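Chemist: Below are the sequence and a predicted model for it; my questions follow.
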Amino acid sequence: MQQESSSIAEALHEWFRACPLLKRGAKVGVDYLPDDPTEYAIYATPTTIRTRENVLGEEVPLDEQTQNFVFASKEPFGADIGQNLLNQQFYEGIIAWVLEQNAARSLPAIPIGTVKSIVPTLTAFIAEAGSDTAKYQIQLKLTYRR
């Protein structure tokens, strides 16, 4: 059983740090990705809070909620097809690892509830490209019960 974190972001940060596909010693940032390859980051993205109307006519949050987030990295990039294929293969591996963790119920412990699943919602794509590095990212959805 994992130790409970103080926030969803902290829980995801620790969860991703356990991924064996990440380069040893590389940093995993929260809401920040440096320009240097190869470093990683997680970003929360806007997600609608699901609500319902109670018998008094008040809007109250549902017990089951979702939080979308992005996992991103800076990778070497350019005309070298081999390197670009390695980048795509890395993200295919990250998606497979997330799905394996979900199936094994090896999910982060969060302070506001219980994580039910973490699933990829977008495949890898280049969000920003420079002359020799690119920011690759995937989007994931965390579902939890309050």
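Modeler: Perfect, thanks for sending it.

Chemist: Low-confidence ranges, the protein, go.
Modeler: Under the criterion pLDDT under 70, the flagged ranges of the chain are 1-5.

Chemist: What backbone torsions are found at N102?
Modeler: phi -60, psi -50 (degrees, to the nearest 10).

Chemist: gap between T48 and G113?
Modeler: Going from T48 to G113 by Cβ to Cβ, to the nearest Å gives 17 Å. Glycine gets a C-beta too; all of them are placed from N, C-alpha and C.

Chemist: quick one, which of the two is more surrounded?
Modeler: Using other Cβ atoms under 10 Å as the criterion, T48 and G113 rank with G113 on top: 15 against 8.

Chemist: The more buried one against R146, yeah?
Modeler: Yes. Between G113 and R146 a contact is recorded at 4.3 Å, counting by Cβ atoms under 8 Å.

Chemist: quick one: common contacting residues for these two?
Modeler: Listed as contacting both G113 and R146 by Cβ atoms under 8 Å, 6 or more residues apart in numbering are Q65.

Chemist: Look at Y43 and say how many residues are nearby.
Modeler: Look at Y43: counted by other Cβ under 10 Å, it has 18 neighbours.
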